[in-house]
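Peer 1: I'll drop the sequence and a predicted model, then ask my questions.
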Amino acid sequence: MMIPVRCFTCGNVVGEHWEEFKARTEENGEDPAAVLDDLGITRHCCRRMLVSHTDLVDVVAPYQ
Ligand SMILES: [Zn+2]
């Protein structure tokens, strides 16, 4: 689905970083850990929100 706006555990806003994280890791092939450090996402609860996310919104949307 869509990236959650806030971290489930601490409430920090992480959704705003998704597009840049996705572009830099998938298109530029950068190391995800280095990108997260660069974006200022230091807590592991927030990092897992981006690392473990799968964008399924375009797959699921036709069936709603
Ligand atoms: Zn967090």
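Peer 2: Sure, I can see it.
Peer 1: my read: Pro32 touches Lys22, true?
Peer 2: No: applying CB atoms under 8 Å, one finds Pro32 not in contact with Lys22, separated by 10.2 Å. Heads up, the C-betas are built off the backbone N, CA and C, glycines and all.
Peer 1: Apart from its chain neighbours, what residue comes closest to the spatially most central residue of the chain?
Peer 2: The centre of the chain sits closest to Leu50, judged by CA atoms, centre = their mean, with a distance of 2.7 Å. Nearest residue to Leu50, sequence neighbours excluded (CB to CB, 6 or more residues apart in numbering): Phe21, at 5.1 Å.
Peer 1: Can you report how many residues lie near that neighbour?
Peer 2: Using other CB atoms under 10 Å, Phe21 is surrounded by 21 other residues.
Peer 1: can you check Pro32 too?
Peer 2: Other residues near Pro32 come to 14 when the count uses other CB under 10 Å.
Peer 1: I'd like the distance between it and Gly11.
Peer 2: Distance of Pro32 to Gly11, given as CB to CB, to the nearest Å: 22 Å.
Peer 1: Repeat that for Cys46.
Peer 2: Per CB to CB, Cys46 is found 10 Å from Gly11.
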